[in-house]
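[1] How does the following fold in three dimensions:
(one chain, ligands or ions: 1)
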Amino acid sequence: MNRRKFINKSAVAGAGIATGASLMACNNLSTSTGDVDNNAFAKAQKENIKKPSPIAICTWGFSGATAKAGELLDGGSSALDAIIAGVAVEEENIENTTVGIGATPDREGNVTLDACVMNPEGDCGAVLAVENIVNVAALARKVMEETPHVILAGKGAEEFAYEQGFTKQKLLTEERKEAWKEWLKTSDYKPEINIENHDTIGMLAIDNNGDIAGACTTSGLGYKMKGRVGDSPIIGSGLFIDNEVGGAVATGMGEEVLKTVGSFLIVELMRSGMSPQAACEEAIHRITKKGARYKDFQIAYIAMNKSGETGSHCIHKGFTMMKYQNKKNENISSSFYDTKNS
Ligand code: SD4
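    Residues are numbered from 1 along each chain as shown. So this is what the prediction gives:
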């Protein structure tokens with residue numbers, strides 16, 4: 001079966017799963033050339049999707065973050081409000097060495113943070129390489145809502161934060177400073193799979209109205225070069241939301257996610273009818289098929305579609321996804337690609 005036919009088939013199959021019998025009746029989604037008519041598909045999807053009860057998912061086992069977001073969603077908050085509050089739990093968690101305060105610095109000993117957000121209207125905001133501000137996801141939201149721009153970087157983002165009432169805070173803790181000094185002795189730059197470098201929080205949520213939003217916030221890779229920015233604040237790579245389809249978010253070696261525009265890819269695959277799980281698997285496959293280099297790094301995706309179905313997939317064993325829905329907060333082990341070496 002060639003690839004186009006496969007996608008056509010899975011589009012129709014996916015439609016059946018997602019939207020039930022009425023959409024199965026709408027069986028003429030292909031054009032005369034055999035291509036999927038995405039507009040017809042999206043319209044059919046929109047009309048037939050059953051609204052799920054509010055749900056929040058995030059990368060890794062950040063139970064406090066999904067619990068916070070879930071509590072807000074259950075109380076009627078918007079997906080965006082819930083997510084900003086949810087990821088703030090980790091931004092403010094001093095024990096998390098990859099997000100917010102307490103994060104690992106770059107090679108010069110400076111902690112610089114990256115974040116982005118997307119709302120159900122398809123608007124987005126991002127901040128890159130920001131110092132001295134803890135809640136950078138909330139700052140990215142301010143960029144989205146209060147400026148004519150999408151991205152602010154470095155000093156400009158920091159100055160904008162003070163204008164918006166954010167307070168200046170020292171992000172480098174004594175513990176991280178000592179660890180950095182230790183690191184300087186060898187300056188060996190080799191991110192370890194599932195350790196230290198991978199605690200970025202990316203979160204997706206659906207609210208009472210059935211609307212989807214998402215955010216991603218991180219300090220990036222520990223001991224990165226000064227000025228390095230990864231995938232996390234880049235719309236389409238670290239995060240992508242389409243309120244008609246669903247959303248996806250990434251964690252792990254950002255350079256590889258950027259090269260494949262992973263989160264956008266997953267949302268587009270879901271638009272074509274793939275389940276969130278199958279779409280995450282395909283996005284990981286785009287990376288692993290390039291060769292054995294994947295053995296040295298971890299990448300994980302989580303995704304959710306409009307009907308609240310979720311999926312996650314990663315390269316190496318060890319990644320988990322938190323999921324909150326109907327007062328149940330679960331840590332779900334992800335499927336993984338590298339069964340031989342994990
Ligand atoms: C980055 N993707 O900057 C981030 C790192 C990460 O958990 O996810 N860490 O490349």
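[2] Residue of the stretch 1-150 of the chain closest to the ligand, please.
    Using Cβ to the nearest ligand atom, the point where the stretch 1-150 of the chain gets nearest to the ligand is T98, with a distance of 4.9 Å. Just so you know, the C-beta spots here come from the backbone N, C-alpha and C atoms, and that holds for glycine as well.
[3] That residue falls within a helix, correct?
    No - looking at T98 with DSSP: H, G, I helix; E, B strand; the rest coil, it is coil, so not inside a helix.
[4] quick one: S232 from the ligand, how far?
    The span separating S232 from the ligand equals 5 Å under the rule Cβ to the nearest ligand atom, to the nearest Å.
[5] coming back round to it: give me phi/psi at the residue of the stretch 1-150 of the chain closest to the ligand?
    The phi and psi torsions at T98 (degrees, to the nearest 10) take the values phi -130, psi 0.
[6] Give me the three-state assignment for the spatially closest residue to it that is not a sequence neighbour.
    Residue nearest to T98 in three dimensions, not counting chain neighbours: D199, with 3.7 Å by Cβ to Cβ, 6 or more residues apart in numbering. Recorded secondary structure, D199: coil (three-state DSSP).
[7] now the one 4 residues further on
    When the structure is reduced to helix, strand and coil (three-state DSSP), M203 reads as strand.
[8] Please report the distance of it from E71.
    Note on M203: its distance to E71, by Cβ to Cβ, to the nearest Å, is 14 Å.
[9] those strands in this structure, which residues are they?
    Secondary structure of the chain (DSSP state E): strands at 55-59, 113-118, 124-130, 151-153, 201-206, 212-218, 239-242, 246-252, 299-305, 310-314, 320-325, 328-333, 335-336.
[10] ok, the fifth one: who's next to it in the sheet?
    If you go by DSSP bridges, strand 201-206 pairs up with strand 55-59 (antiparallel), strand 212-218 (antiparallel).
[11] What of the second one?
    According to DSSP bridges, strand 113-118 has the following sheet partners: strand 124-130 (antiparallel), strand 212-218 (antiparallel).
[12] Now F166: phi and psi?
    With angles defined as degrees, to the nearest 10, F166 sits at phi -70, psi 150.
[13] and it, what does it touch?
    133, 135, 138-139 (Cβ atoms under 8 Å, 6 or more residues apart in numbering).
[14] one more time with 6 Å
    Residues touching F166, when contacts are defined by Cβ atoms under 6 Å, 6 or more residues apart in numbering, comprise I133.
[15] Which one of the residues in the stretch 51-200 of the chain is closest to the ligand?
    Minimum separation of the stretch 51-200 of the chain from the ligand (Cβ to the nearest ligand atom) falls at T200, amounting to 3.2 Å.
[16] Would you mind measuring from the nearest residue to that residue once chain neighbours are set aside to L239?
    Among residues not flanking T200 along the chain, T218 sits closest, at 3.8 Å (Cβ to Cβ, 6+ apart). With distances taken as Cβ to Cβ, T218 is found 11 Å from L239.
[17] ok, what's across the strand from the residue nearest in space to the middle of the chain?
    Note on the chain: the residue nearest the mean C-alpha position is V249, at 1.9 Å, using Cα atoms, centre = their mean. Under the criterion DSSP bridges, V249 forms beta bridges with L239, I302.
[18] Run a quick check on it versus L239, I expect a contact.
    Yes - using Cβ atoms under 6 Å, V249 is in contact with L239, at 4.9 Å.
[19] Give the residues shared as contacts by the two.
    With contacts defined as Cβ under 6 Å, 6+ apart, the residues adjacent to both V249 and L239 are 214, 216.
[20] Just confirm I55 contacts G308, I think it does.
    Yes - under the criterion of Cβ under 6 Å, I55 lies in contact with G308, with a separation of 5.2 Å.
[21] which residues do those two both contact?
    Listed as contacting both I55 and G308 by Cβ under 6 Å, 6+ apart are I206.
[22] Now E281. Nearest residue, chain neighbours left out?
    H313 (4.7 Å).
[23] So what's the residue count around the one you found?
    For H313, the tally of surrounding residues (other Cβ atoms under 10 Å) stands at 26.
[24] From the ligand, how far out is it?
    Per Cβ to the nearest ligand atom, H313 is found 15 Å from the ligand.
[25] of all the strands paired with strand 113-118, which gets the most neighbours per residue?
    The highest mean neighbour count among the strands paired with strand 113-118 belongs to strand 212-218 (a mean of 32), with neighbours defined as mean count of other Cβ atoms under 10 Å.
[26] And the contacts of it?
    For strand 212-218, with Cβ under 6 Å, 6+ apart as the criterion, the contacting residues are 79-80, 83, 87, 91, 98-99, 114-120, 136-137, 200-204, 206, 232, 238-239, 241, 243, 247, 249.
[27] sorry, back to before: now the residue of the stretch 51-200 of the chain closest to the ligand, what are its backbone angles?
    Phi and psi for T200, reported as degrees, to the nearest 10, are phi -50, psi 140.
[28] Test my guess that it contacts T251.
    Yes - T200 is in contact with T251 according to Cβ under 6 Å; the separation is 4.4 Å.
[29] Quick check: residues of the stretch 101-250 of the chain near the ligand?
    Proximity of the stretch 101-250 of the chain to the ligand is assessed by Cβ under 6 Å from any ligand atom, with 197-200, 218, 220-221, 230-232 identified as the residues in range.
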